[in-house]
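Novice: the sequence isn't on hand, but the structure is:
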């Protein structure tokens with residue numbers, strides 16, 4: 001707080017927030033997002049630049065898979081049949097299957113009564129095995145919690161590792177029963193971080209996954225996390241993996257931006273020629289695409305973030321314009337208040353562009 005004495009504008013904002021918190025009878029950290037936004041966001045008049053008003057921005061994702069949404073409602077009501085049929089129907093459509101299995105696994109980690117009913121009615125169903133294995137990973141992370149290691153109890157860690165070992169065994173069974181399905185292999189990739197698998201073990205699983213689906217979307221995201229410095233790799237290994245993926249398919253052009261975002265110890269990675277080249281290639285691809293899927297919004301979010309870091313504010317505003325009111329994807333979703341982060345960075349880009357700062361957008 002003392003540092004704010006040397007920043008008069010920030011100090012005035014904090015004082016105003018303190019007064020508002022006192023008026024509402026809450027702590028300053030518990031102020032609603034819209035109240036904080038009204039005090040801290042730059043006054044940029046976004047509508048003048050073809051952007052939606054601040055008040056319209058939301059973190060609520062639109063429903064993209066109507067069948068999955070209906071099945072989730074069925075599961076919450078205790079009905080398993082449609083869920084089982086949907087998982088079975090996704091066999092071969094691997095990216096959609098991953099999304100369906102993950103969504104149902106998260107529900108099963110909270111309440112698995114419907115999974116038990118499915119197992120009783122269809123014993124030995126291989127698709128049940130796939131969901132079961134992923135649900136154990138979700139359960140393990142629920143047990144551990146999201147707190148830092150120093151704030152996590154020994155009991156939580158013990159439960160976390162015990163259930164992850166169960167998940168590894170279950171995923172191995174599912175992979176054996178459905179040998180062409182990459183989903184159980186992606187489950188093994190996901191739990192590799194928690195079980196601290198070494199590089200050779202991880203590469204063996206990775207080889208099995210990409211032999212089944214060379215362009216598995218979530219598999220590449222899970223692998224990138226493994227190679228990050230915060231897990232079992234380094235900034236250099238993460239970028240190397242991301243660049244190899246981007247060279248393999250335009251689908252992965254945003255992965256080098258993910259690697260740069262994760263590279264806390266190498267902040268200049270944003271300026272690396274290979275990262276800038278990936279960004280420019282991604283922008284070229286996005287020029288012909290919208291923002292009607294989560295994956296596209298995620299790519300555009302990372303593009304906007306990268307453009308701001310490179311002071312290419314006019315281009316960043318273009319990405320925010322394409323995103324419209326949706327702040328549901330990355331990188332905003334990694335922040336404590338995604339909506340406020342989205343609005344803050346959008347405001348930074350608009351304010352800088354309006355003052356003629358930064359690099360002018362090229363003609364595409």
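Specialist: Ah, there it is. Note that the structure is predicted; figures quoted are calculated from it, not measured. Residues are numbered from 1 along each chain as shown.

Novice: residues contacting residue 255?
Specialist: Applying Cβ atoms under 8 Å, 6 or more residues apart in numbering to residue 255 gives the contacts 220, 221, 224, 241, 242, 243, 245, 246, 278. Placement of C-beta: from N, CA and C, glycine included.

Novice: 6 Å - rerun?
Specialist: Contacts were defined as Cβ atoms under 6 Å, 6 or more residues apart in numbering; by that measure residue 255 touches 224, 242, 245, 246.

Novice: give me the nearest residue to it, chain neighbours excluded.
Specialist: Using Cβ to Cβ, 6 or more residues apart in numbering and skipping residues adjacent in sequence, the residue nearest residue 255 is residue 242, 3.9 Å away.

Novice: of all the contacts of residue 255, which two lie farthest apart?
Specialist: The distance between the two most remote of the contacts of residue 255 (Cβ to Cβ) is 10.9 Å, for 224 and 246.

Novice: ok, residue 97 to residue 121 distance?
Specialist: With distances taken as Cβ to Cβ, to the nearest Å, residue 97 is found 21 Å from residue 121.

Novice: the two: which is more packed in?
Specialist: Ranked by neighbour count (other Cβ atoms under 10 Å), residue 97 and residue 121 place residue 97 first, with 23 against 12.

Novice: so the more buried one belongs to a helix, correct?
Specialist: Yes - according to DSSP: H, G, I helix; E, B strand; the rest coil, the state of residue 97 is that of a helix.

Novice: give the contact list for it.
Specialist: Applying Cβ under 6 Å, 6+ apart to residue 97 gives the contacts 90, 183.

Novice: check residue 54 and give its pLDDT.
Specialist: In the predicted model, residue 54 carries a pLDDT score of 90.

Novice: give me the number of residues near the closest residue to it other than its chain neighbours?
Specialist: Residue nearest to residue 54 in three dimensions, not counting chain neighbours: residue 343, with 5.6 Å by Cβ to Cβ, 6+ apart. Look at residue 343: counted by other Cβ under 10 Å, it has 25 neighbours.

Novice: counting neighbours, which of the contacts of residue 255 comes out on top?
Specialist: Of all the contacts of residue 255, the highest neighbour tally under other Cβ under 10 Å goes to residue 242, namely 28 neighbours.

Novice: which secondary structure elements does the helix or strand that it is a member of contact?
Specialist: When secondary structure is defined using DSSP states H and E, the element that contains residue 242 is helix 235-248. With contacts taken as 3 or more Cβ pairs under 6 Å, 6 or more residues apart in numbering; DSSP states H and E, helix 235-248 sits against helix 217-227, helix 255-262.

Novice: neighbouring contacts of that helix?
Specialist: Under the criterion Cβ under 6 Å, 6+ apart, residues 220, 224, 227-229, 252-253, 255-256, 259, 263, 266, 274, 278 lie in contact with helix 235-248.

Novice: can you name the two of those that are farthest apart?
Specialist: Checking the contacts of helix 235-248 against each other with Cβ to Cβ, the farthest-apart pair comes out as 229 and 253, at 22.1 Å.

Novice: out of these two, name the residue with the larger neighbour count.
Specialist: Set side by side, residue 229 and residue 253 show more neighbours around residue 253, with 25 against 16, by other Cβ under 10 Å.

Novice: excluding its backbone neighbours, what's nearest that one?
Specialist: The spatial neighbour of residue 253 that comes closest, neighbours along the chain excluded (Cβ to Cβ, 6+ apart), is residue 282 at 4.0 Å.

Novice: what about the longest helix in the chain?
Specialist: The helix that spans the most residues within the chain, counting by DSSP state H, is helix 154-177.

Novice: starting at the chain centroid, how far to it?
Specialist: Between the centre of helix 154-177 and the centre of its host chain there is 23 Å, according to Cα atoms, centre = their mean, to the nearest Å.

Novice: which elements pack onto the helix or strand following that helix?
Specialist: Towards the C-terminus, the helix or strand next in line after helix 154-177, according to DSSP H and E, is helix 183-192. Counting contacts by 3+ Cβ pairs under 6 Å, 6+ apart, helix 183-192 is packed against helix 94-110, helix 126-144, helix 154-177, helix 199-212, helix 217-227.

Novice: got JSON lines for these, with mean pLDDT too?
Specialist: As requested, the helices and strands packed on helix 183-192 are exported to JSON lines (pLDDT from 0 to 100):
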{"stretch": "helix 94-110", "mean pLDDT": "97"}
{"stretch": "helix 126-144", "mean pLDDT": "96"}
{"stretch": "helix 154-177", "mean pLDDT": "95"}
{"stretch": "helix 199-212", "mean pLDDT": "97"}
{"stretch": "helix 217-227", "mean pLDDT": "97"}
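
Novice: would you mind giving the ones you listed as TSV with distance to residue 350 added?
Specialist: Compiled in TSV, the helices and strands packed on helix 183-192 are given as follows (distance: least, Cβ to Cβ, whole Å):
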stretch	distance to residue 350
helix 94-110	33
helix 126-144	37
helix 154-177	43
helix 199-212	41
helix 217-227	30
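
Novice: closest to residue 68 out of those helices?
Specialist: With Cβ to Cβ, the closest approach to residue 68 among these belongs to helix 94-110: 5.5 Å.

Novice: what residues of the next helix or strand after the closest one count as buried?
Specialist: Tracing the chain past helix 94-110, the next element assigned as helix or strand by DSSP H and E is helix 113-121. Across helix 113-121, burial judged by 16 or more other Cβ atoms under 10 Å covers 114, 115, 118, 119.
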